[in-house]
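Novice: my questions are about this predicted structure, shown below with the sequence.
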Amino acid sequence: MKHVVIVRPKVGFGLGGAETHAGMIALKLLERGYKVSVLAQEISFPKEILGEINFLQVKKRGRGSLLKYLFFLKEANRVLESLKKDYLLLSPFRFPKADLLILCDPLFKFWLKQRPLPRIIKEISNLGIRARVFLKHEELCLRSAKRIIALFSPTVELLENLYPEVVHKVAVCHMGIDHKRFNPELKKQKNALREKYRLDPKDFIILFVGNEPRRKGLSLLLEVFPKLPENVKLLIAGIQGKSQKRIVYLGKVQNIEEFYALSDLVVLPSLYDPGALTTLEALASGTPIITSVFDGAKEFIKEGVNGWITTLEKEDLLQKMHLAMKTKISEEACSQSISHLTWDSYVDCLVSQMEGL
């Protein structure tokens, strides 16, 4: 079967990490001769690609994450019912009855445990309608999928603990990275890039990248950052904020590869991430990273070689940052550690899993 329908509310470039992920799947399947339909509310592709994609538009309805989700499911299923069933349904999203379900969003059952809320408030919230509906649908999606794709090995371990009944359907397809865009060659322009953005070449620059600051652990980073030396500066990409002398909010950044290149270290103390794209982008760019024990991409971190893994304890994170400041890390060691992770190899793995469905 050579017709694939990709389903997610937003698909394409410049919309977010998971949305870009879905967009790359669409592009690579087109290259392999597949007919690709995208079932979404919004898409963002280059003009030359738009003509090749069949856009099955879903109306936007509802307010709040729960109602938006339920209305999307309803409208998307209505569109699917109008199609001739000659396609494979590929879902990098929580969508029931997918042929191939890709776990690029956090497992809600685990995130309920990880949320940074006071214990009593968390317990009450976890019993609420929103939590119960999302949990019900997450279980339905996992049970009804013909096959499930984990982007990194730690997700399989989570499933073994949370949903052991579905593990027999799970395969790991390591997510890819664009090595043309993210590579250590840009490091040669490090000083020029710092001059471009009016940053002192003598400073030690830490970069944080993420548009979900609560889940990505920004508050923890900001809490320990004042304990670092005065020559350490922090750049925060992805969100707006009030900049200070040593902390600069960049907002949304289109040319994020330049900031990886001019930085000395990337820090991502994420409370939970199935596989942080930031971790891969940093390493591909030749920049060491401190990520958390709850980042699926941690499986590619060799401590002291291309980065460190923090337990998210304040003292541990601070110790790892101090260690990073005095440890010489090879740019080549960082990039080579994930040089085999490409979008082509990733989609080849997806195609192999689709065969026989």
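Specialist: Right, received. Where do you want to start? Residues are numbered from 1 along each chain as shown.
Novice: tell me how far residue 13 lies from residue 6.
Specialist: 14 Å (Cβ to Cβ, to the nearest Å). All C-beta spots, glycine's among them, are computed from the backbone N, C-alpha and C.
Novice: more neighbours, these two?
Specialist: Using other Cβ atoms under 10 Å as the criterion, residue 13 and residue 6 rank with residue 6 on top: 26 against 15.
Novice: quick one: least confident helix or strand in the protein?
Specialist: Evaluated with mean pLDDT, DSSP states H and E, the helix-and-strand set of the chain has its lowest mean pLDDT in helix 119-126, which scores a mean of 76.
Novice: pull that one out as PDB, backbone CA atoms only.
Specialist: C-alpha atoms of helix 119-126 as PDB (Å, rounded to 0.1, in the frame of the first residue of the first chain):
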ATOM      1  CA  ARG A 119       1.400  16.900  46.100                       C
ATOM      2  CA  ILE A 120      -2.200  17.500  47.200                       C
ATOM      3  CA  ILE A 121      -3.000  19.700  44.200                       C
ATOM      4  CA  LYS A 122      -1.400  17.100  41.900                       C
ATOM      5  CA  GLU A 123      -3.500  14.300  43.500                       C
ATOM      6  CA  ILE A 124      -6.700  16.300  43.100                       C
ATOM      7  CA  SER A 125      -5.900  17.300  39.600                       C
ATOM      8  CA  ASN A 126      -5.100  13.700  38.600                       C
END
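Novice: now that helix, how far from the chain's geometric center?
Specialist: Relative to its chain's centre, helix 119-126 lies at 26 Å (Cα atoms, centre = their mean, to the nearest Å).
Novice: following the chain onward from that helix, which element is next?
Specialist: helix 129-144 (DSSP states H and E).
Novice: what angle sits between that following helix and helix 119-126?
Specialist: 60 degrees (axes from the mean of the first three to the mean of the last three Cα atoms, to 10 degrees).
Novice: against residue 355, how distant is the residue in the chain sticking out farthest from the centre?
Specialist: Distance from the C-alpha centroid of the chain, by Cα atoms, centre = their mean, peaks at residue 84 (32.6 Å). Plainly put, residue 84 is 21 Å away from residue 355 if you go by Cβ to Cβ.
Novice: swap in residue 334?
Specialist: 34 Å.
Novice: the more surrounded of these two?
Specialist: A count of neighbours by other Cβ under 10 Å puts residue 334 above the other of residue 334 and residue 355, at 26 against 7.
Novice: contacts for the least confident helix or strand of the chain?
Specialist: 112, 115, 117, 131 (Cβ atoms under 8 Å, 6 or more residues apart in numbering).
Novice: pull out the buried positions in it.
Specialist: By neighbour count on 16 or more other Cβ atoms under 10 Å, the buried set for helix 119-126 is 122, 126.
Novice: contacts only, for residue 279.
Specialist: 266, 268, 289, 291, 295, 297-298, 300-301.
Novice: now with 6 Å?
Specialist: For residue 279, the contacting residues are 289, 291, 295, 297, by Cβ atoms under 6 Å, 6 or more residues apart in numbering.
Novice: how about the nearest residue to residue 146, chain neighbours excluded?
Specialist: Of all residues not flanking residue 146 in the chain, residue 99 sits nearest, at 4.9 Å (Cβ to Cβ, 6 or more residues apart in numbering).
Novice: so where do the strands sit in the stretch 201-350 of the chain?
Specialist: Remark: strands assigned in the stretch 201-350 of the chain by DSSP state E, counting those that start in this stretch are 204-209, 232-237, 247-251, 265-268, 289-292, 307-310.
Novice: any chance of those in a markdown table, plus mean pLDDT?
Specialist: Listed next are the strands of the stretch 201-350 of the chain as a markdown table, based on pLDDT from 0 to 100:
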| stretch | mean pLDDT |
| --- | --- |
| strand 204-209 | 96 |
| strand 232-237 | 96 |
| strand 247-251 | 94 |
| strand 265-268 | 97 |
| strand 289-292 | 96 |
| strand 307-310 | 96 |
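Novice: of those strands, which is nearest residue 2?
Specialist: strand 204-209 (36.5 Å; Cβ to Cβ).
Novice: list the contacts of that closest one.
Specialist: The contact list for strand 204-209 (Cβ under 6 Å, 6+ apart) reads 231-238, 259, 263-267, 278, 325.
Novice: give the buried residues for it.
Specialist: Within strand 204-209, the residues scored as buried using 16+ other Cβ under 10 Å are 204-209.
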